[in-house]
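[1] I'd like to go over a predicted model; first the sequence, then the structure.
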Amino acid sequence: MNSNLCSDFRELLVDFADGELTAVEHRRVADHLDVCPECHAELRLLERSLELARQAWEQSAPVDTEIVPRLPAGGRAPSMSPANRLSTRGRGAIAAGVAACVFLVLWASIAVLRPQPQPDGQVVDVAVVQQATESPLSTERQIERFISLEVRSARLAVAVDLLASQPGLEDEAARAERYLVEISGRTQARP
Amino acid sequence: MTASLKVDENAAASEQHQPDAMAVPDQNLLQSVWKEAAPQLARLIGAMGISQGQREDLLQDVYLAAWQKGPPGVSSVQLRRWLVRVTVNRCKLEQRRGSLWRAKWFPLARMWSSRASADETAAASENREDRQFVQHALKKLEPDARSLLVLRYFMELDSAEIGRILERPAATIRGRLRQARQQLAEELKRAGYDHE
């Protein structure tokens, strides 16, 4: 079949399928389809694709339910700022994400702060290092350890603050703070 | 029977000759139009491929937009058209936001969802695969093309009404619909779907 002729008819196939052609045009296209298997196959694909799309839409569309719009008390609609547009589920997801990040930081810090074996095989307790730092820092190694401990403690303190600022995570924040006090040897998390 | 988004042209014409019936944006008008249109708007949102978790939020956004920025001095017919237009535009925005994510993760999601269950019949398996083909093809369409297909072939609005809703000429709508249908069929063929 002449491909130029076919391309002209293919432009009309959608309108043919939708019944949008005039009677004369409809007859012309129908006659062509009777003798052109490629165009006939194209029409079948158009019809089948629409049929499948309708099935997909039916499956994804919800059943009719009463949809009651939510407005705050007093009848004033909240602002459309991004923070207010978050649903409860969205806020929960964000809180969970923040908590996950904070716990990851805590876990990484704990993994580093646990007693490290020394080259000679002795395990040095962080608390021992802390006691040693109460006396003047005399060696470079002691100074390094002191600075490292202080930095990690500060990082943990920030993580505790972040947890405490999230609604519903106060218990986790309190637990993290107790741990920080325990490992840093201080009487409170922050100086 | 489910309320439709189709407009009764006689009612539309009679409303236009009753300027006193228009309200601005009157709460009673919004409530009554919303009550009729909301279920269909929800179906429209679902058909546009918006995820379950976002649908209620999106519908809420549309309602709030009508509350805060609804067009003044309109009839119920015009308000319903405005609601559909706003809903379609919000869906298109969500689809554009999600398109990058889907481009990265869709192959994995498709691999996961394409697993067959142990007791699945051959017919059910074929149906499942057909659905996956068409879902993939629909997601490949531009949001504008997809919205036109949904409005025309799922919400059963004619080209003229779609043109009034989207404020575009009916001939333009018809042309875009043709392209969208051809594109859908092409995507299906490209994905390897065998319709014979």
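    Yep, it's here.

[2] Once you drop chain neighbours, what's closest to A:Glu47?
    Leaving aside its chain neighbours, A:Glu47 sits nearest to A:Ala17 (5.8 Å; criterion: Cβ to Cβ, 6 or more residues apart in numbering or on different chains). No exception for glycine: its C-beta is placed from N, CA and C like everyone else's.

[3] model confidence over the helix or strand where the one you found lies, on average?
    Taking DSSP states H and E as the definition, A:Ala17 sits inside helix A:3-18. The average pLDDT for helix A:3-18 rounds to 86.

[4] Please apply the same query to stretch A:154-164.
    Confidence for stretch A:154-164, expressed as mean pLDDT, is 82.

[5] For it, give me every contacting residue.
    A:98-99, A:102, A:105-106, A:109, A:169-170, A:172-173, A:176-177, A:179-180, A:184, A:189-190 (Cβ atoms under 8 Å, 6 or more residues apart in numbering or on different chains).

[6] For ChimeraX, what selects the buried ones among those residues?
    Only the buried entries of these go into this ChimeraX selection, using 16 or more other Cβ atoms under 10 Å in any protein chain shown:
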select /A:99,102,106,109,169,172,173,176,177,179,180,184,189
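
[7] Can you list the residue ranges for helices in chain B?
    Assigned by DSSP state H, the helices in chain B fall at B:9-16, B:27-47, B:52-69, B:76-113, B:122-140, B:143-149, B:159-166, B:170-190.

[8] circling back: around the residue nearest to A:Glu47, how many other residues sit close by?
    For A:Ala17, the neighbour count with other Cβ atoms under 10 Å in any protein chain shown is 16.

[9] Wait, it touches A:Leu45, no?
    No: contact criterion Cβ atoms under 8 Å: A:Ala17 and A:Leu45 do not qualify, at 10.6 Å.

[10] in chain A, which spans are helices?
    Applying DSSP H to chain A gives helices spanning A:3-18, A:23-35, A:37-60, A:82-85, A:88-113, A:126-134, A:140-165, A:170-184.

[11] I'd like those laid out as TSV, including distance to B:Ala137.
    Shown next, in TSV, are these (distance: least, Cβ to Cβ, whole Å):
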stretch	distance to B:Ala137
helix A:3-18	16
helix A:23-35	24
helix A:37-60	7
helix A:82-85	31
helix A:88-113	30
helix A:126-134	60
helix A:140-165	44
helix A:170-184	45
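
[12] between those helices, which gets nearest to B:Gln31?
    helix A:82-85 (21.9 Å; Cβ to Cβ).

[13] Centre-most residue in chain B?
    Centroid-nearest residue in chain B: B:Leu44, 3.8 Å away (criterion: Cα atoms, centre = their mean).

[14] Now do the same for residue 66: its pLDDT.
    You didn't say which chain, so I picked chain A. A:Glu66 is assigned 54 on the pLDDT scale.

[15] that answer is for a different chain, and I need it for chain B
    90.

[16] just the one 10 residues further on next, same as before
    At B:Ser76, the predicted lDDT confidence score is 90.
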